[in-house]
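In: only geometry, no sequence info:
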């Protein structure tokens, strides 16, 4: 896996309202793999903090690790 990962969100509408937070990684052959996803009640600091705390617990930290939004 490359050390640059993408984090994004999308709003959910209809019966299931809220926000879907997700993180993906791209490997050397340009295949994209999901790393983590989380459904929150709304897009706020609490939802993002929870998501990044859980993401941090499964990622190996290093100086070359980068996330972009």
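Out: Nice, thanks for sending it over. Because the structure is a prediction, the values reported are computed rather than measured.

In: C-alpha only now, for contacts and for neighbours.
Out: Fine.

In: where along the protein do the strands fall?
Out: With DSSP state E as the criterion, the chain has strands at 4-12, 18-26, 32-40, 66-68.

In: tell me the average confidence for the third one?
Out: Strand 32-40 carries an average pLDDT of 91.

In: same deal with the shortest one?
Out: The average pLDDT within strand 66-68 is 68.

In: again, but for stretch 43-52
Out: For stretch 43-52, the mean confidence score works out to 91.

In: Give me the most central residue, this structure.
Out: For the chain, the residue sitting closest to the mean C-alpha position, by C-alpha atoms, centre = their mean, is residue 23 at 2.6 Å.

In: Model confidence for that one, exactly?
Out: pLDDT, residue 23: 91.

In: Adjust the sequence numbering to begin at 766 for everything that follows.
Out: Let's use 766 as the start, then, which means that last one is residue 788.

In: Neighbours of the closest residue to it other than its chain neighbours, how many?
Out: Closest residue in space to residue 788, ignoring its immediate chain neighbours: residue 772 at 4.4 Å, by C-alpha to C-alpha, 6 or more residues apart in numbering. Other residues within reach of residue 772, judged by other C-alpha atoms under 10 Å, total 16.

In: Residue 772 contacts residue 789, doesn't it?
Out: Yes: counting by C-alpha atoms under 8 Å, residue 789 is a contact partner of residue 772 at 6.6 Å.

In: Thanks again, I'm all set now.
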